[in-house]
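In: fold the stuff below for me.
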Amino acid sequence: SNIDDGVEILDISDPANPSHVGAIDNAVCDAAVGGNGCELDGAVDIYVSGNYAYVVAAFDDGVEILDISDPANPSHVGAIDNAVCDAAVGGNGCALDVPKAIWIQNDYAYVASEGDDGVEVLDIDGFDRQLTFVSDTLSDSDLGLAANHSIAFTAGQALSAGEIINIELDPMTHGFSQSYSSATTTDITATGMTLVDYGGCTAAANEVQVYSLTYNSGREESLALKVCAGDTIASGAKTLSVANGLWTNPSTAGSYIIRVSFGDDVSLDESADTRVAIIDDVNVTADINTAFTFSVTAKNTGSVGSDACDDITSTSESIPFGVLSSGASKVGCQTLAVTTNAKNGFSVTVKQDQRLTSANGADIDTFKDDAETSSPVAWASPSNTLGSEATYGHLGATSDDDYNTNEFNNGNSFAGNLLSNRTVFTHNGPADGSTADKGAANVAYKVEIGSLQEAANDYSATLTYVATPTF
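Out: Residues are numbered from 1 along each chain as shown. Now for the predicted structure:
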């Protein structure tokens, strides 16, 4: 208003009965800012963009910017007049003397000045921006890979029914590709607004629908959302999460624009860009050398199962049973240790090359009574049956390893099938050479004869251990 030196805001929802909503004049504005900082004296033209009104004041030779986000209480945001402008540029380079008209386009205000017979162009970047804090976080930035997107932005003002939220990937070269012909709320979720499938609008508030992909209005776009009829999307922070690999990254490394726009089916009035970097993955490699050691040491103290290991003095290379007496068993013990980084562990077997045999042809058979018992059982003395040489004496082995669900019963059950490779120690992962059942185990060899066992002073056999890692 040129006469009132101010701005009147009217409610024209009922055009036949416009009504007062709010107002501000130069005096009120100056009082609010505590001085003469406002430019509303002789207000002659106005341009509204988002939450801001740009007013040209002929008598003040300047432009006033008002915050109208609360229409009932418009307030001063900023201002500039001809004198301030001239001082800023260091001369008389401004053209704001008796301004009469204003137009806003993108980040600039174009002011027509009658007194200066010219046009002043003002940079107003930031005052009318209704779309800010735009970002897009990818689940994967590799070339040509289907990735999920988390797109965040802040709407500076509410969006009305029918307005569009448009997400455009790489508007310059269109390097992204789409792997869908339609999108639903199964693929897309949102915060800061209620997302419904196309055609699924209800009476609930704050709804926006996943819009048909046939919407393009001559533009390239990847996703469009439309505010439901009769609804309003409140201002504030929003996120859109696009999952299920709907968009595939470009196959060429580079920095790509992600554009978020607001508007209607005719034009997208407000837009803001962010960028994502598409790059090759970094291939990280490493080698770990294999490691494996196996040792056999004497065990002449303690016990294996219920059998003491001090009957004889074993070494890492011998089990000298010495003179055997009828009905008196003897036990020789050894400790097996494995250190390895084999992922799948290892196994240790033992094999007896022959029965304990003498040069005269006599032998001490395998447990039990030469049955070569494969499923360990409790120790039993040889049956010593005359005429049945296999029952005169036998040798068996046990282990305190938990192999095969502890089939040796913690060293208390014995096997006799030693003439073939007999497993006595295993583990299914790396081993440290000391931890029971994982890196170390004790084995015991037990022999017993009856009174009929043939005499000889040179019974012998060889035990061969084989330790096998599985990497």
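
In: counting by contacts, list what the longest strand seen in the chain packs against.
Out: If you go by DSSP state E, the chain has its longest strand at strand 236-248. Judged by 3 or more Cβ pairs under 8 Å, 6 or more residues apart in numbering; DSSP states H and E, the packing partners of strand 236-248 are strand 146-155, strand 177-178, strand 188-191, strand 223-227. C-beta: built from backbone N, CA, C; applies to glycine.

In: ranking the ones you listed by mean pLDDT, which is last?
Out: The minimum mean pLDDT among the helices and strands packed on strand 236-248 belongs to strand 177-178 (a mean of 82).

In: strands paired with it, and their directions?
Out: Sheet pairing of strand 177-178 (DSSP bridges) gives strand 236-248 (antiparallel).

In: could you point out which element follows the longest strand of the chain?
Out: The helix or strand immediately downstream of strand 236-248 is strand 254-263, counting by DSSP states H and E.

In: neighbouring strands - and their directions - for that following strand?
Out: Strand 254-263 has these strand partners (DSSP bridges): strand 164-169 (antiparallel), strand 270-278 (antiparallel).

In: adjacent strands (with direction) for the very next helix or strand once past the last one?
Out: Note on strand 270-278: by DSSP H and E, the next helix or strand toward the C-terminus is strand 292-299. For strand 292-299, sheet partners with direction are given as strand 330-340 (antiparallel), following DSSP bridges.

In: sec struct for Thr405, please.
Out: helix (DSSP: H, G, I helix; E, B strand; the rest coil).

In: what about it, distance to Gly156?
Out: Thr405 sits 69 Å away from Gly156, going by Cβ to Cβ, to the nearest Å.

In: compare those two (neighbour count), which wins?
Out: Under the criterion of other Cβ atoms under 10 Å, the comparison of Thr405 against Gly156 puts Gly156 first, with 19 against 5.

In: contact partners for the residue nearest to the more buried one when sequence neighbours are not counted?
Out: Distance criterion Cβ to Cβ, 6 or more residues apart in numbering; nearest residue to Gly156, sequence neighbours excluded, is Gln130 at 3.8 Å. Counting by Cβ atoms under 8 Å, 6 or more residues apart in numbering, Gln130 makes contact with 50-51, 155-157, 262, 270.

In: wait, which of these is closest to Leu452?
Out: For the contacts of Gln130, the minimum distance to Leu452 (Cβ to Cβ) is 101.7 Å, reached by Ala155.

In: residues in contact with that closest one?
Out: Counted by Cβ under 8 Å, 6+ apart, Ala155 has contacts 130-131, 233-236, 238, 262.

In: can you tell me which two in these are farthest apart?
Out: Farthest pair in the contacts of Ala155, by Cβ to Cβ: Leu131 and Ala234, 14.5 Å.

In: so which of the strands paired with strand 254-263 is nearest Lys351?
Out: Lys351 lies closest, by Cβ to Cβ, to one member of these: strand 270-278, at 60.7 Å.

In: check which residues of that closest one are buried.
Out: By neighbour count on 16 or more other Cβ atoms under 10 Å, the buried set for strand 270-278 is 270-272, 274, 276, 278.

In: let me have those in TSV, extended by pLDDT.
Out: Shown next, in TSV, are the buried residues of strand 270-278 (pLDDT from 0 to 100):
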residue	pLDDT
Glu270	78
Ser271	85
Ala272	90
Thr274	96
Val276	97
Ile278	97
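
In: so which of these comes closest to Gly411?
Out: Closest to Gly411 out of those is Ile278 (62.7 Å), distances taken as Cβ to Cβ.

In: next up, the contacts around that closest one.
Out: 141-143, 175, 249-250, 252-256.

In: kindly give a single ChimeraX line that selects the buried subset of those residues.
Out: One line in ChimeraX is enough to select the buried ones among the contacts of Ile278; burial here means 16+ other Cβ under 10 Å:
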select :141,143,175,249,250,256
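
In: I'd like the contacts of Ile278 as TSV, with pLDDT appended.
Out: Converted to TSV, the contacts of Ile278 look like this (pLDDT from 0 to 100):
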residue	pLDDT
Ser141	97
Asp142	97
Leu143	96
Gly175	90
Asn249	94
Pro250	94
Thr252	95
Ala253	96
Gly254	96
Ser255	97
Tyr256	96
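
In: now, the most widely separated pair of the contacts of Ile278?
Out: The most widely separated members of the contacts of Ile278 are Asp142 and Ser255, with 15.0 Å between them, by Cβ to Cβ.

In: now the helices and strands packed on strand 236-248 as JSON lines including distance to Gly305?
Out: As requested, the helices and strands packed on strand 236-248 are arranged in JSON lines below (distance: least, Cβ to Cβ, whole Å):
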{"stretch": "strand 146-155", "distance to Gly305": "59"}
{"stretch": "strand 177-178", "distance to Gly305": "69"}
{"stretch": "strand 188-191", "distance to Gly305": "63"}
{"stretch": "strand 223-227", "distance to Gly305": "72"}
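
In: for Gly387, find the nearest of these.
Out: strand 146-155 (81.3 Å).

In: just checking: what are the partner strands of the closest one?
Out: Strand 146-155 pairs in its sheet with strand 131-138 (antiparallel), strand 236-248 (antiparallel), by DSSP bridges.
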